[in-house]
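Enquirer: using only what follows, build the 3D model:
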Amino acid sequence: MKILIKELAKSQWQVRLDQHAVTFRSEAEALAFTRILEGRIQAPHQIPVPHPQRAAG
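Expert: The predicted structure follows:
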């Protein structure tokens with residue numbers, strides 16, 4: 001996933017995540033959001049294991 005931060009206007013910043021965009025009032029807010037997002041993306045994830053179906057009875 002590609003994350004880009006860009007200034008739109010003097011007090012408007014945008015964080016783009018591929019095709020999704022989120023707008024912030026300051027660069028600090030945009031950077032804080034990006035740090036949290038990157039941390040969540042890099043966090044370990046478990047793949048769910050399906051449980052065997054029980055026989056009806």
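Enquirer: how many neighbours does A9 have?
Expert: When neighbours are counted by other CB atoms under 10 Å, A9 registers 8. In this view, the C-beta of every residue, glycine as well, is placed from N, C-alpha and C.
Enquirer: just list whatever residues bridge to it.
Expert: Beta-bridge pairing for A9 (DSSP bridges): Q12.
Enquirer: so how far is D18 from it?
Expert: Between A9 and D18 the distance is 23 Å, computed by CB to CB, to the nearest Å.
Enquirer: now the most centrally placed residue in the chain: closest residue in space, sequence neighbours ignored.
Expert: Per CA atoms, centre = their mean, the C-alpha nearest to the average position across the chain is that of L37, at 4.2 Å. What sits nearest to L37 in space, not counting adjacent residues and going by CB to CB, 6 or more residues apart in numbering, is I3, at 6.7 Å.
Enquirer: quick check: that neighbour touching V15?
Expert: Yes: applying CB atoms under 8 Å, one finds I3 in contact with V15, separated by 6.6 Å.
Enquirer: those two: who's more crowded?
Expert: More crowded of I3 and V15, by other CB under 10 Å: V15, with 19 against 13.
Enquirer: and the more buried one, what does it touch?
Expert: Residues near V15 by CB atoms under 8 Å, 6 or more residues apart in numbering: I3, L4, I5, A21, V22, F24, A30, F33, T34, L37.
Enquirer: using PDB, list the CA coordinates for the strand or helix carrying L37.
Expert: Following DSSP states H and E, one finds L37 within helix 27-42. Taking C-alpha atoms only, helix 27-42 is exported to PDB below (Å, rounded to 0.1, in the frame of the first residue of the first chain):
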ATOM      1  CA  GLU A  27       0.600  18.600   8.600                       C
ATOM      2  CA  ALA A  28       1.000  17.300  12.200                       C
ATOM      3  CA  GLU A  29      -2.400  15.700  12.100                       C
ATOM      4  CA  ALA A  30      -1.600  14.100   8.700                       C
ATOM      5  CA  LEU A  31       1.700  12.800  10.000                       C
ATOM      6  CA  ALA A  32       0.200  11.400  13.200                       C
ATOM      7  CA  PHE A  33      -2.500   9.600  11.100                       C
ATOM      8  CA  THR A  34       0.200   8.100   8.800                       C
ATOM      9  CA  ARG A  35       2.300   6.800  11.800                       C
ATOM     10  CA  ILE A  36      -0.700   5.100  13.300                       C
ATOM     11  CA  LEU A  37      -1.800   3.600   9.900                       C
ATOM     12  CA  GLU A  38       1.700   2.300   9.100                       C
ATOM     13  CA  GLY A  39       1.900   0.800  12.600                       C
ATOM     14  CA  ARG A  40      -1.300  -1.100  12.000                       C
ATOM     15  CA  ILE A  41      -0.300  -2.200   8.600                       C
ATOM     16  CA  GLN A  42       3.100  -3.600   9.900                       C
END
